[in-house]
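Q: structure for the following, please:
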Amino acid sequence: MHAYPRGIAVIGLGYIGLPTAAALATQGVRVHGVDTDPERVASINLGGVPFVEPDLAVAVSGAVSQGHLTASSDVPSADAFIITVPTPILPDRSADLSYIHSAVRALAPKLKGGEVLILESTSPPGTTQAVSDWLADLRPDLRLPGWEDQRPDVHIAHCPERVLPGRIMIELVTNDRVVGGLTPDCAEAAGDVYKLFCKGEISLTDAGSAEMSKLAENAFRDVNLAFANELSLVCDQLGLNTWEIIRAANRHPRVNILSPGPGVGGHCIAVDPWFIVSAAPEQSRLIKTAREINDSKPDYVVDRIVERASRFYEPRVACLGLSFKANVDDLRGSPAVAIVRDIASAVPGGTVFAVEPHIDKLPPDLSALPNLVLEDLRTSIEGADIVVLLVDHNAFRSLNKSLLEGKICFDTRGMWQ
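A: The predicted structure is shown next:
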């Protein structure tokens, strides 16, 4: 018998929330999923999943059929609440905390005392304390951590997700977790929730350190990717093969240069470093420069392709891949989407074929372009003057290279080198 008789509520059933809910439910925990999208709620209650992630569909359908997982648009009473809503970036590159604030407002009336509230959404340092502040305003009858010296009525903590799309269901269980509480007792209480399904080490710390650890992880990756992307610009300028240079340099035992690409996308690496810059702009010059380098790479790719396309009267360009990384259907923050959109806009007299084997329709900002069509791989390449590899999907690795003969090819991933 778990120590959560009222169950655990997971607020936000997206790429992190739904797998987390499923991981808990497969351990026999009563899980209440909450999402504002009624279609998503209905689909989950039928055992369906709204996006592609290995092993997720089996976990969700099994948990729903056994009665361990249900979804709703309303926040229920529960013993623990896990907030996994988005924290998008605002025009000034600070974090949009409105979704977190909305989740807190929705759950505040359900608190009776004794609950655990965990923020998983990637957040700038101080956000977990802000959650406590908001609750203090909404529920002045409760003792909140950071406001009272006594033991709080609600334990509040931050535990950032650190999983890789395509491996989420595996890494939710096997990866180590950092749990930061507003007090040591808060960290302990939140850590107990993750012990229900996590086999990795659970490291307890304070909330600010947990918040910053996630940002530091992604900023580290972003800086290293910026070096690789800038190196590719240098090699292009000097007429050198970037991939050969990297292979040679990586033969050194203490060098491991990452692979460059058409930019850096997704909902984490391309966003989280800006939260650090926003929090400490004078001290984060390297992080800011790295972000600017990676943000500029898609424009560089577009300029090169459009220059070649200008040599054709009615250019036909095949763009392979739209997702932000290989072998997933996730288009959020994808540099490939921006590149395809900008190419189509820059060659109104031509045709752009978008090839993405993991989707069956274009997103709205691409489908609105009259000269852009979603097409299969072979048809696109056979009809193209220019072929651009943007995402290194496995489906593109087995391509018969003879199909590329006579085409102008741009391999932004080094897969055909």
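
Q: what segments of this protein are strands?
A: Assigned by DSSP state E, the strands in the chain fall at 8-11, 31-34, 69-72, 80-83, 116-119, 155-158, 177-181, 202-206, 316-320, 351-355, 372-374, 386-389, 408-411.

Q: Leu233 is nearest to which of the ones you listed?
A: Ranking the strands of the chain by proximity to Leu233 (CB to CB) places strand 408-411 first, at 14.2 Å. No exception for glycine: its C-beta is placed from N, CA and C like everyone else's.

Q: wait, what's in contact with the closest residue to Phe353 other than its chain neighbours?
A: Distance criterion CB to CB, 6 or more residues apart in numbering; nearest residue to Phe353, sequence neighbours excluded, is Ser380 at 3.7 Å. Taking CB atoms under 8 Å, 6 or more residues apart in numbering as the criterion, Ser380 is in contact with 318, 320, 353, 355.

Q: so who does the first one touch?
A: Residues in contact with Ala318, defined by CB under 8 Å, 6+ apart, are 352-353, 355, 375, 380-381, 383-384, 386-388.

Q: 6 Å instead, please
A: 353, 380-381, 384, 387 (CB atoms under 6 Å, 6 or more residues apart in numbering).

Q: also the second one?
A: Applying CB under 6 Å, 6+ apart, we find Leu320 in contact with 355, 389-390, 396.

Q: number of nearby residues for Thr205?
A: Thr205: 17 surrounding residues under other CB atoms under 10 Å.

Q: pretty sure it sits against Gly181.
A: No: counting by CB atoms under 6 Å, Thr205 sits too far from Gly181 to count as a contact (8.0 Å).

Q: what is in contact with these two at once?
A: Counting by CB under 6 Å, 6+ apart, Thr205 and Gly181 have no contacts in common.

Q: tabulate the contacts of Ala318 (CSV), appending distance to Tyr194.
A: As requested, those are arranged in CSV below (distance: CB to CB, whole Å):
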residue, distance to Tyr194
Phe353, 45
Ser380, 45
Ile381, 47
Ala384, 49
Val387, 46
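
Q: what's the farthest-apart pair in these?
A: Across the contacts of Ala318 (CB to CB), the longest gap, 9.3 Å, separates Phe353 and Val387.

Q: how about the residue of the chain positioned farthest from its centre: what's its closest non-neighbour residue?
A: The outermost residue of the chain, judged against the average C-alpha position, is Tyr313 (39.3 Å), by CA atoms, centre = their mean. For Tyr313, ignoring the flanking residues on the chain, the nearest one in space by CB to CB, 6+ apart is Gly349 at 7.6 Å.

Q: how many neighbours does the one you found have?
A: The tally of other residues near Gly349 (other CB under 10 Å) stands at 10.

Q: against Arg332, how distant is it?
A: Going from Gly349 to Arg332 by CB to CB, to the nearest Å gives 31 Å.

Q: Phe396 too?
A: For Phe396, the distance to Arg332 - CB to CB - is 21 Å.

Q: out of the strands of the chain, which is closest to Ile257?
A: strand 408-411 (17.4 Å).

Q: and that closest one, how far from the chain's centre?
A: Relative to its parent chain, strand 408-411 has a centroid offset of 28 Å by CA atoms, centre = their mean, to the nearest Å.

Q: which helices and strands does that strand pack with?
A: Here strand 408-411 touches strand 386-389, going by 3 or more CB pairs under 6 Å, 6 or more residues apart in numbering; DSSP states H and E.

Q: hmm, 10 Å instead?
A: In terms of contacts (3 or more CB pairs under 10 Å, 6 or more residues apart in numbering; DSSP states H and E), strand 408-411 is packed against helix 285-309, strand 316-320, strand 386-389.
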